[in-house]
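# from the sequence below, what's the structure:
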Amino acid sequence: MSNKEKTLVILTPAFPANESEVNWVHSLQLLLNSMKGSFPHVKISVISFIYPNANTAYEWKGVNVFSFNGNKIISTGGGGVIVTDDEQLAKKAKHLTTTAKASVDEYYHDEVGYNYRLVNVLAAIGVAQMELLPSFIKRKQECVSFYKKNLTGVADIRFQQELPDVQTNGWLFTIQTDQQKKLLDHLNKNKILSRRFWMPMNKLPMYAGCEYVQKKDNADYIYNTCLSIPSSTGITDEELEIVVREIKTALS
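You can find the predicted model right below:
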């Protein structure tokens with residue numbers, strides 16, 4: 001890198017609450033701390049797609065992005081919001097997401113932009129959903145508690161562990177079992193929609209030729225052992241009982 005000031009933008013599923021936290025994406029934190037020391041002239045912005053709810057305030061400078069896609073706890077049907085304490089970054093984001101139009105008098109765009117704005121109608125839906133968010137999270141957490149209570153000790157089922165200062169919002173309840181395929185086939189056969197965890201990026205056809213560096217392929221292991229089970233805010237207690245019953249039947 002040259003000494004000319006540059007900006008490095010990094011996208012990550014989550015990030016530590018502060019510089020002393022070492023349990024969240026520790027390798028990424030070490031990388032950034034090293035880069036900050038080696039390239040002090042580079043401004044580093046982190047775009048963090050945060051799903052868990054942290055009880056502590058995030059101290060890292062950068063950007064947090066919240067998705068309002070249709071499968072999220074609250075939804076506008078699409079889109080999302082960017083939250084930042086950096087005024088320049090906020091102006092840049094707004095410029096790029098409104099087609100990078102630089103003139104009010106003519107259709108002049110000073111760089112490549114995108115029409116990613118959240119229109120007023122969808123924003124209104126989001127505001128209404130926000131009013132229901134506490135009840136949505138409550139129901140999600142009820143689902144988490146029910147599953148953990150009734151599936152603990154069943155075959156080799158394992159759950160994601162929560163850190164003491166983190167409270168899950170229960171967005172997509174996922175269990176882990178080495179009998180993933182057997183359980184998945186049984187649930188879907190009985191019309192209980194379940195699916196494997198996200199396929200690793202290096203397995204997608206458009207990235208097949210890219211170099212994949214790893215010592216232990218944890219992503220592949222998670223993909224082949226984890227599956228998400230029904231946990232919609234609209235699911236009934238009776239339906240939760242059916243899911244548990246069929247899981248026990250499949251793994252008995």
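# okay, now the unreliable bits of the chain?
Judged by pLDDT under 70, the chain has its weakly predicted residues at 1-5, 13-27, 48-63.
# if we use 50, what do you get?
Low-confidence segments of the chain (pLDDT under 50): 1, 51-59.
# so what are the domain limits for it?
6-121, 133-251 (automatic domain parsing).
# pipe those domains into a markdown table and attach distance to residue 127 per row.
In short, each C-beta sits where N, CA and C put it, glycine included. Converted to a markdown table, the domains of the chain look like this (distance: least, C-beta to C-beta, whole Å):
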| stretch | distance to residue 127 |
| --- | --- |
| domain 6-121 | 9 |
| domain 133-251 | 11 |
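# next, format these as JSON lines and append mean neighbour count.
Below are the domains of the chain laid out as JSON lines (neighbours: other C-beta atoms under 10 Å):
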{"stretch": "domain 6-121", "mean neighbour count": "14"}
{"stretch": "domain 133-251", "mean neighbour count": "14"}
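# got the contact list for stretch 202-219?
200-201, 220, 223 (C-beta atoms under 8 Å, 6 or more residues apart in numbering).
# closest one of these to residue 240?
Checking the contacts of stretch 202-219 against residue 240 by C-beta to C-beta gives residue 223 as the nearest, at 25.5 Å.
# list the contacts of that closest one.
Residue 223 makes contact with 196-200, 203 under the criterion C-beta under 8 Å, 6+ apart.
# how does it look with 10 Å?
Contacts of residue 223 were listed using C-beta atoms under 10 Å, 6 or more residues apart in numbering, and they are 180, 196-200, 203, 217.
# just those residues: which are in strands?
Among these, DSSP state E puts residue 196 in strands.
# take the contacts of residue 223 and keep only those in helices.
If you go by DSSP state H, those have residue 180 in helices.
# now render the contacts of residue 223 as JSON lines, adding distance to residue 125.
Shown next, in JSON lines, are the contacts of residue 223 (distance: C-beta to C-beta, whole Å):
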{"residue": "180", "distance to residue 125": "36"}
{"residue": "196", "distance to residue 125": "30"}
{"residue": "197", "distance to residue 125": "29"}
{"residue": "198", "distance to residue 125": "27"}
{"residue": "199", "distance to residue 125": "30"}
{"residue": "200", "distance to residue 125": "33"}
{"residue": "203", "distance to residue 125": "35"}
{"residue": "217", "distance to residue 125": "41"}
